[in-house]
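Student: 3D model of this:
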Amino acid sequence: MARRVTVHLITSGPTGPILVGARVLFGQDPEDVARGLGGLPEQAPLVALDVLTETASLPRGRALHVDRIVFAEPDLVSAWPSVVPTEGLTPRHPRWPPRRTPPRRGAPRMRRFASYGIVTDPAGRVLLSLIADGFPAAGTWHLPGGGVDTGEDVRAALRREVLEETGQAGVVGELITVASHRRPRSAGTDIYAVWVFSHVHVAAPTVPRVVEVEGSTADCAWFTPAELTELPLSTTARRGMEYLVRHRRRG
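Tutor: Just a heads-up that it's a prediction; the model follows:
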């Protein structure tokens, strides 16, 4: 199944809020694409509102999975979702049949769309997983989460990953932000990822345990906010935590 990512922005139109959209190409940051749609300055603040998943059947038995990221200018947040037109979000999927492209020169490319959680319990502790040997960033503490499978939405993927990596049953709550990351020469492969960060709450925490067998998680544990400062964190964990801290300070 082919996969696509699109970005949608609620911005000001001639008579009120409008919703505009565009496809996100390899290496593009979703927020940058959204700002471009609205003609906004490079550092203009945006609010990540939702990530929607669509699957569609295409001609000749082909199928398509589309992840749609919705942003809004801060003063237009309340327009969601009433601003969605009756025909749905655009661009529409029939415009993107999987295409055959000539072989690329240089490093092979890998694209990843992933969902990660800042997982907390009633005591305010944060749940992290330890990356196993043999995987990128081995030995660092990571946010529970991982790749979104084809046909799966970001919330279902996050619930699954939290359970597999830590044995905890959590409720996926607020979308925190959406970011991108690129490693042009990681083991000879040009890796580009879109990361979706959400809050997950575990109302009845238990002793964490790794459920998946021979996966990327070596250990898992609950930590107090004070303990987090002493841990070696993965790039993904740092990005998610730093955004959350900045967001709360502004709020």
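Student: measure His199 to Met241 for me?
Tutor: 12 Å (CB to CB, to the nearest Å). Using the backbone N, CA and C atoms, a C-beta is placed for each residue, glycine as well.
Student: overlap in contacts, those two.
Tutor: Jointly contacting His199 and Met241 under the rule CB atoms under 8 Å, 6 or more residues apart in numbering are Ile118.
Student: mind listing the strands for this structure?
Tutor: According to DSSP state E, the chain carries its strands in the segments 2-12, 17-23, 47-58, 62-72, 109-120, 126-131, 141-142, 145-147, 171-186, 189-201, 217-223.
Student: which among the ones you listed is found nearest to Thr229?
Tutor: Closest approach to Thr229 among the strands of the chain (CB to CB): strand 217-223, 9.8 Å.
Student: just checking, what packs against the closest one?
Tutor: strand 126-131, helix 154-166 (3 or more CB pairs under 8 Å, 6 or more residues apart in numbering; DSSP states H and E).
Student: give me every residue that touches the most centrally placed residue in the chain.
Tutor: Central residue of the chain (CA atoms, centre = their mean): Val196, 1.6 Å from the mean position. For Val196, the contact set (CB under 8 Å, 6+ apart) comprises Val51, Ile69, Phe113, Ala114, Ser115, Tyr116, Val148, Val154, Leu175, Val178.
Student: compare these and tell me which has the most neighbours.
Tutor: Sorting those by how many neighbours each has (other CB atoms under 10 Å) puts Ser115 first, at 30 neighbours.
Student: tell me the contacts of that one?
Tutor: Residues in contact with Ser115 (CB under 8 Å, 6+ apart) are Gly145, Gly146, Val148, Val154, Arg155, Ala157, Leu158, Glu161, Trp195, Val196, Ser198.
Student: now for those residues, which pair is the farthest apart?
Tutor: Arg155 and Trp195 (14.7 Å).
Student: neighbouring contacts of the helix-or-strand element of the chain with minimal mean pLDDT?
Tutor: Least confident helix or strand, the chain: helix 235-250 with a mean of 79, by mean pLDDT, DSSP states H and E. The contact list for helix 235-250 (CB under 8 Å, 6+ apart) reads 116, 118, 128, 137, 140-143, 176-177, 179, 181, 195, 197, 228, 233.
Student: quick revisit: ranking the strands of the chain by burial, who's on top?
Tutor: strand 126-131 (a mean of 24; mean count of other CB atoms under 10 Å).
Student: from the contact counts, what lies against that strand?
Tutor: strand 109-120, strand 141-142, helix 154-166, strand 217-223.
Student: same list (those) but as TSV, adding distance to Thr6 and mean pLDDT.
Tutor: TSV is the format used below for those (distance: least, CB to CB, whole Å; pLDDT from 0 to 100):
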stretch	distance to Thr6	mean pLDDT
strand 109-120	12	94
strand 141-142	27	98
helix 154-166	14	98
strand 217-223	31	97
